[in-house]
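> sequence? don't have it. structure:
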DNA sequence: GTTCTAACA
DNA sequence: TGTTAGAA
């Protein structure tokens, strides 16, 4: 079991490289800790990043962290990433994006534009 | 032969 | 979490 022609790993290869069971690997995916792609047939394809992420999870767990706190850590990290993307917005957009759900921002921005040139 | 989902003597 | 059954 090794990388396929495009650099992806099957779950068997990931088991060997991480020492985690397929059961655990799939379970962690359900918790949202990793998100491997799927083939047309539905088989999971893991990237090198997935493997490294699993190794980190394994390390943290071996050092006393439960899956719940590990999950929170990852979610916190992803929230910070999304916040960084807000750094490219104007002050007005920043206020709007932090107060309203994504689905409404586009509408709000249109209203702001009309307010500006609409006297 | 490997992986998937669902379920549990 | 392990393991197993049946399908893909």
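Structure's in. What do you need? Since this is a predicted model, take the numbers as computed values, not measurements.
> DNA strand B versus the spatially most central residue of chain A, what's the distance?
Taking CA atoms, centre = their mean, the centroid of chain A lies closest to residue A:78, which sits 6.4 Å from it. Per CB to the nearest atom of the strand, to the nearest Å, residue A:78 is found 22 Å from DNA strand B. Yep, even glycine has a C-beta here, placed from its N, CA and C like the rest.
> cool, and residue A:54?
Counting by CB to the nearest atom of the strand, the separation of residue A:54 from DNA strand B is 14 Å.
> which strand or helix spans that residue?
When secondary structure is defined by DSSP states H and E, residue A:54 falls within helix A:48-62.
> quick one: that helix to chain centroid distance?
Relative to the chain's own centre, helix A:48-62 is displaced by 14 Å; criterion: CA atoms, centre = their mean, to the nearest Å.
> next structured bit after that helix?
Sequence-wise, the next helix or strand downstream of helix A:48-62 (DSSP H and E) is helix A:67-85.
> on that earlier part again, helices or strands next to the helix holding residue A:54 in the packing?
In this structure, helix A:48-62 makes packing contacts with helix A:11-18, helix A:22-30, helix A:67-85, judged by 3 or more CB pairs under 8 Å, 6 or more residues apart in numbering; DSSP states H and E.
> could you look over the ones you listed and pick the most buried one?
A comparison of the helices and strands packed on helix A:48-62 by mean neighbour count, using mean count of other CB atoms under 10 Å, puts helix A:11-18 on top with a mean of 16.
> ok, residues contacting it?
A:1-3, A:9, A:20-22, A:25-26, A:43-44, A:46, A:50-51, A:54-55, A:58 (CB atoms under 8 Å, 6 or more residues apart in numbering).
> what about the helix holding residue A:54, near DNA strand C?
Yes - contact between helix A:48-62 and DNA strand C is present through residue A:61 (criterion: CB under 7 Å from any atom of the strand).
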